[in-house]
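In: Could you work out the structure for the sequence below:
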Amino acid sequence: MIAVVTGASGFIGQTLVRRLLTDGHEVRCLVRPSGGGAPPEARRYVVRFDEPRSLLDCQALEQADVVFHLAASTKAVRAETFMAANVMPTRHLLGALTARRLTPRFVFVSSQAAAGPASSPRRPIDEDDIPRPVEAYGRSKLEAERVVESFGDRVPATVVRPCATFGPRDRDFLTLFRLAARGIVLYPGTAKHWLSVLHVDDVVQGLIAASRSERAICRTYFLAPSDPVQWRTIGENIAAAVGRRVRHVDLYGPLVHTASTAGEWLGRLTHTASIANRSKAELSRHPFWVCSATRARRELAFQESRSLPEGLRDTYYWYRQSGWMRGSRRTGTAVA
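Out: Residues are numbered from 1 along each chain as shown. The predicted structure is shown next:
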């Protein structure tokens with residue numbers, strides 16, 4: 001199988017590429033001129049997603065069996081930047097496939113943020129619910145989903161919405177592990193909030209299953225575990241993985257929102273995107289980021305392969321072996 005992957009330098013993208021290579025497939029990575037690299041076994045093609053001609057001339061798409069579109073921006077200085085980074089490349093990539101009369105399976109990796117939060121941990125959102133994104137990133141991903149749907153009569157496509165994801169190479173959860181190693185876990189007013197969270201290997205397995213299923217064409221799927229958890233439970237399991245007694249500190253909500261607003265304005269002044277912004281603050285304001293993967297379980301035979309404690313222990317071990325934790329050293333087995 002020939003697989004084309006965008007966003008191959010990202011957290012989930014790297015894991016997907018390595019899995020495809022391990023399974024013996026040819027992998028072609030589309031990267032921006034200023035983008036990151038790809039695993040050495042994969043072929044790297046430089047493209048400009050904002051220039052349709054670049055994709056029309058890209059040889060990586062020839063004879064491709066599947067295109068996994070993961071390239072996206074998760075933080076930005078301005079809301080319109082999300083649209084430029086997440087919607088326009090999707091339209092141009094599908095436009096190039098259509099213009100060249102190519103019909104590979106197209107798997108668009110969206111986000112739970114495109115659907116919005118649930119009303120209760122006992123009523124997770126599913127694919128039949130009307131999407132109600134609450135911030136700019138989620139709105140841009142939903143708009144990109146609609147672009148994918150508009151090409152549905154020409155390109156066999158599937159939309160996949162992973163829930164929150166952790167695992168090797170993830171830098172967001174890394175912050176929590178580093179804090180735990182210092183004896184503290186901070187929550188931005190979310191300690192009692194509920195969420196669905198999956199190990200990256202399970203997300204990748206779901207993406208591959210979607211690419212292989214004829215039933216998945218013109219369908220949307222959430223990827224999530226059977227049961228949601230509270231952030232406090234995640235913090236406790238991280239502390240257990242690190243082997244430290246920690247102090248759990250849930251920050252005062254209004255303080256978080258004030259800091260996020262200040263961080264966003266600072267980002268605009270310095271032209272740099274910060275994780276402290278109003279979009280992130282809006283996400284944290286909603287207490288139930290839970291979704292149901294019932295459809296994926298029924299139609300794709302999807303299931304998580306490990307428990308949350310097991311996944312967090314494996315992630316901590318990878319951080320240690322890779323030298324991502326202070327005082328740890330990189331070893332030759334860290335990139336597996």
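
In: so L20 touches V4, yeah?
Out: No - L20 is beyond contact range of V4, at 10.4 Å (criterion: CB atoms under 8 Å). Every C-beta, even on glycine, is put in place using the N, C-alpha and C of the backbone.

In: Determine the residues that are contacts of both of these two.
Out: Overlap of the contact sets of L20 and V4 (by CB atoms under 8 Å, 6 or more residues apart in numbering) consists of V27.

In: quick one: what helix or strand has P131 in it?
Out: If you go by DSSP states H and E, P131 is not part of any helix or strand.

In: Next, count neighbours for it.
Out: 19 (other CB atoms under 10 Å).

In: what residues are up against it?
Out: A114, A115, G116, L142.

In: farthest pair in those residues?
Out: G116 and L142 (8.8 Å; CB to CB).

In: Let me see the ranges of the strands in the protein.
Out: Applying DSSP state E to the chain gives strands spanning 2-6, 26-31, 43-46, 66-69, 105-109, 157-162, 164-166, 184-187, 194-195, 197-199, 219-223, 229-230, 247-250, 288-289.

In: Please compute how far the second one lies from its chain's middle.
Out: Shown here is strand 26-31, whose average C-alpha point lies 18 Å from the average C-alpha point of the whole chain (CA atoms, centre = their mean, to the nearest Å).

In: coming back round to it: report the set of residues contacting both of G116 and L142.
Out: Common neighbours of G116 and L142 (CB under 8 Å, 6+ apart) are P131, P133.

In: And stretch 292-307, what's buried?
Out: Burial within stretch 292-307, assessed by neighbour count using 16 or more other CB atoms under 10 Å, is assigned to S292, A293, T294, R295, A296, R297, L300, F302, E304.

In: which residues touch the fifth one?
Out: Which is A296. G206, A209, A210, Y221, F222, L223, F302.

In: cutoff 7 Å now
Out: G206, Y221, F222, L223, F302 (CB atoms under 7 Å, 6 or more residues apart in numbering).

In: As JSON lines, those with pLDDT and distance to T315 would be great.
Out: Putting the contacts of A296 into JSON lines (pLDDT from 0 to 100; distance: CB to CB, whole Å) gives the following:
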{"residue": "G206", "pLDDT": "98", "distance to T315": "18"}
{"residue": "Y221", "pLDDT": "98", "distance to T315": "24"}
{"residue": "F222", "pLDDT": "98", "distance to T315": "22"}
{"residue": "L223", "pLDDT": "98", "distance to T315": "17"}
{"residue": "F302", "pLDDT": "98", "distance to T315": "21"}
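
In: Specify which member of the residues you listed is nearest to F166.
Out: L223 (13.1 Å).

In: From L207, how far out is that closest one?
Out: Note on L223: its distance to L207, by CB to CB, to the nearest Å, is 8 Å.

In: With L179 instead?
Out: When L179 is compared with L207 (using CB to CB), they lie 30 Å apart.

In: With neighbour numbers in mind, choose between the two.
Out: Higher neighbour count among L179 and L207: L207, with 27 against 20, using other CB under 10 Å.

In: Would you mind checking the average pLDDT for stretch 17-36?
Out: For stretch 17-36, mean pLDDT is 93.

In: cool, stretch 247-258 as well?
Out: 72.

In: mind putting the strands of the chain in JSON lines, distance to L97 and mean neighbour count included?
Out: Listed next are these as JSON lines, based on distance: least, CB to CB, whole Å; neighbours: other CB atoms under 10 Å:
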{"stretch": "strand 2-6", "distance to L97": "10", "mean neighbour count": "24"}
{"stretch": "strand 26-31", "distance to L97": "12", "mean neighbour count": "23"}
{"stretch": "strand 43-46", "distance to L97": "15", "mean neighbour count": "16"}
{"stretch": "strand 66-69", "distance to L97": "7", "mean neighbour count": "25"}
{"stretch": "strand 105-109", "distance to L97": "7", "mean neighbour count": "26"}
{"stretch": "strand 157-162", "distance to L97": "10", "mean neighbour count": "25"}
{"stretch": "strand 164-166", "distance to L97": "27", "mean neighbour count": "22"}
{"stretch": "strand 184-187", "distance to L97": "43", "mean neighbour count": "18"}
{"stretch": "strand 194-195", "distance to L97": "34", "mean neighbour count": "22"}
{"stretch": "strand 197-199", "distance to L97": "29", "mean neighbour count": "24"}
{"stretch": "strand 219-223", "distance to L97": "19", "mean neighbour count": "25"}
{"stretch": "strand 229-230", "distance to L97": "39", "mean neighbour count": "18"}
{"stretch": "strand 247-250", "distance to L97": "47", "mean neighbour count": "14"}
{"stretch": "strand 288-289", "distance to L97": "33", "mean neighbour count": "22"}
